[in-house]
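1. Curious how this folds, go ahead:
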Amino acid sequence: QVQLVESGGGLVQPGGSLRLSCAASGRTYSIYGMGWFRQAPGKEREFVSGISRSSTITLYADSVKGRFTISRDNGKNTVYLQMNSLKPEDTAIYYCAASLRVLFEQPTQGRSYDYWGQGTQVTVSS
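-> Below you'll find the model as predicted:
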């Protein structure tokens with residue numbers, strides 16, 4: 001089993017920054033790819049960013065490219081999402097996800113992940 005706990009969400013003004021963290025525990029040695037997804041009220045969950053185990057592969061949704069940066073520290077079993085230049089449309093619950101699959105295939109799809117965190121709220125508003 002793997003447990004994921006997100007933190008770092010909150011209320012920020014447009015143009016501001018936040019850094020989300022996702023701490024993994026349990027069978028962390030079995031984690032390969034990790035990702036961030038978000039879900040806004042009344043909308044479907046959408047992919048935000050993903051990162052391979054070695055951090056050699058990073059992916060971003062077009063809507064966040066150039067503003068968000070994903071990174072991970074395997075020694076600390078933690079993945080981060082640095083969010084800059086935040087916009088009101090970034091408001092959502094942000095979820096961390098972990099994949100136990102060796103091949104980082106279809107990382108933009110939620111079904112490619114095996115474990116999920118409980119989410120952290122990000123609100124961008126003046």
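
2. Tell me the spacing between Gly119 and Tyr32.
-> Separation of Gly119 from Tyr32 (CB to CB, to the nearest Å): 22 Å. (Glycine included, C-beta is placed from N, CA and C.)

3. Pull out the buried residues from the biggest strand by length in the chain.
-> Once the chain is assigned using DSSP state E, the strand that runs over the most residues is strand 18-26. For strand 18-26, a neighbour-count test (16 or more other CB atoms under 10 Å) marks Leu18, Leu20, Ser21, Cys22, Ala23, Ala24 as buried.

4. what does stretch 54-69 give?
-> Going by neighbour count (16+ other CB under 10 Å), the buried part of stretch 54-69 is Leu59, Tyr60, Ala61, Val64, Phe68, Thr69.

5. could you show me where the strands are in this structure, in order?
-> Going by DSSP E, the chain shows strands at 2-7, 10-12, 18-26, 34-39, 46-51, 58-60, 68-73, 78-83, 92-98, 115-116, 120-124.
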